[in-house]
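Engineer: Generate coordinates for the sequence data below:
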Amino acid sequence: MIRLYYTPGGANMVVHAVLEHIGTPYELKPVNSDSGENRSEEFLELSPDGRVPALVDGRVTMHESSAIAMYLSDRFSDAGLVPDIDPDRSRYYMWMVLLGNTVEEALLRWYHSDAYVAGKPEQAAVKLAAEARLIELWGRVDDALDGRSYLTGNTMTTADLMLFMLCFWSRRMKSPPSRWDNISIWLQDMQDQECIRAMMSQEGLAWVLLPELVPCHPGRREALSRGLESSTHAYRGPGSPLRYGRDDTRPQAIRSPTALR
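Structural biologist: The predicted model follows:
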């Protein structure tokens, strides 16, 4: 059985959502980074830098969330998370690399500026530059979604699951991606995806997009308001370990949102 080592709200979100979408049985193994579990000898054998997530699939051991997500999407290609033909297929690979190398890097600079430079003024400058870069990148994403339901076309791919994770991490910024019109509508659709709901539930996460905070024309704002009730879920926290397949039943309990880890 596939085993995913994860931290709630961490970079494992995209991998977790992929596993839910493909429907293969898997096991969740929590890693408590605060207590140093990610630096244990056992975990370092899976992820030499101590970064979460890590994946074990038989003889295959992997780290790096983007690589794991693409590996699973290709292995279970019948799940339809990778486009079959160009231009959608080439666009998919472009977005996976851009999101992992550029958008995520800007977010890490914003959240962890102290890891890049010393001194409060310098850290503030790094954070400011990162936010400016993200505003530019959200504009590119919004343009890509203009006239499309998803990043590569009319079918959800792993790139959309990756983007959802990055948008979730950005939700508390001064200019969150939900401020962009096309992204806001896309986010509402993504929050209704079964794999997203299951992933959020199992990791104990919650995120409700408030219509009054979304800059869209009145018709769209009304649509968001009508959909708000269905987008407000109670979520279940993680256990140790958890095993899931497509037909399992998940009791739910309320849990507060977690920040980026």
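Engineer: List the buried residues for stretch 201-212?
Structural biologist: Of the residues in stretch 201-212, 201-207, 209, 211 count as buried by neighbour count, 16 or more other CB atoms under 10 Å. From N, CA and C alone the C-beta is placed, and that goes for glycine too.
Engineer: Strands of the chain, residue ranges please.
Structural biologist: For the chain, the strands defined by DSSP state E cover 2-6, 26-30, 54-57, 60-63, 242-244.
Engineer: Hmm, Trp138 and Thr102 touching each other?
Structural biologist: No. The criterion here is CB atoms under 8 Å, and Thr102 misses it with Trp138 at 11.8 Å.
Engineer: Show me which of those two is the more surrounded one.
Structural biologist: Taking neighbours as other CB atoms under 10 Å, Thr102 and Trp138 compare with Trp138 leading, 22 against 14.
Engineer: So the more buried one versus Ala67, what's the distance?
Structural biologist: 24 Å (CB to CB, to the nearest Å).
Engineer: Equivalent analysis for Asp143, please.
Structural biologist: Distance from Asp143 to Ala67, by CB to CB: 27 Å.
Engineer: And the two? Which one has more around it.
Structural biologist: In this view Asp143 and Ala67 are compared by other CB under 10 Å, and Ala67 has more residues nearby, 14 against 11.
Engineer: Let me know the distance separating the more buried one from Ser47.
Structural biologist: 12 Å.
Engineer: in the stretch 1-150 of the chain, which spans are helices?
Structural biologist: Secondary structure of the stretch 1-150 of the chain, counting by DSSP state H, counting those that start in this stretch: helices at 12-22, 41-46, 65-75, 88-98, 104-111, 120-145.
Engineer: My error: substitute the stretch 151-261 of the chain in the last question.
Structural biologist: 158-169, 181-191, 194-202, 218-227.
Engineer: What separation is there between Glu27 and Tyr5?
Structural biologist: Look at Glu27 and Tyr5: by CB to CB, they are 10 Å apart.
Engineer: How about Asp57?
Structural biologist: 12 Å.
Engineer: got it, and Val15?
Structural biologist: Val15 is 10 Å from Tyr5, by CB to CB.
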